[in-house]
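J.: 3D model of this:
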Amino acid sequence: QVQVVESGGGLVQAGGSLRLSCAASGSIFGINSMGWYRQAPGKQRELVATITSGGSTNYADSMKGRFTISRDNAKNTVVYLQMNSLKPEDTAVYYCNANVVSASHYYGMDYWGKGTLVTVSS
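T.: Okay, here's the model as predicted:
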């Protein structure tokens, strides 16, 4: 069993910053990648950023230069999303995804957290 838990959401004014955290735990042999996705009201879930086990990162175009995904140096099961210059349109529920290798899923399986709400006021 694998659990993914996000934290760090909240209310921030436009132009401000927030840092989200995500931790995966449970029966984990390894992690192929972790990432952040978001879903705004009335919209589909979209990619924010991902990071692979090798440290390669990928960002949605609208987040490049404002958001930074990183991994805890000591724990490769923990990732962060530093969000700067926040805009009202960044308001969404932010979900963490972990592609986890386990005894029952040798090539990896996606696990999702329940999400953390980020609200950016104008």
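J.: now this protein, which segments are flagged as low pLDDT?
T.: By pLDDT under 70, the chain has no low-scoring segment.
J.: center of the chain, which residue is that?
T.: By CA atoms, centre = their mean, the chain has its centre lying nearest to residue 36, at 2.6 Å.
J.: And that one, how far from residue 4?
T.: Using CB to CB, to the nearest Å, residue 36 is found at 11 Å from residue 4. Backbone N, C-alpha and C define where each C-beta goes, glycine included.
J.: Spit out the residues that contact those two alike.
T.: Both residue 36 and residue 4 are in contact with 22, 96, 97, where contact means CB atoms under 8 Å, 6 or more residues apart in numbering.
J.: Please report the number of neighbouring residues for the residue nearest to the first one when sequence neighbours are not counted.
T.: I take that to be residue 22. Once flanking residues are discounted, residue 22 sits nearest to residue 96: 3.5 Å by CB to CB, 6 or more residues apart in numbering. Counted with other CB atoms under 10 Å, residues neighbouring residue 96 total 26.
J.: Provide the secondary structure category for residue 96.
T.: With DSSP: H, G, I helix; E, B strand; the rest coil as the basis, the three-state label of residue 96 is strand.
J.: Could you check how far it is from residue 13?
T.: Residue 96 is 24 Å from residue 13, by CB to CB.
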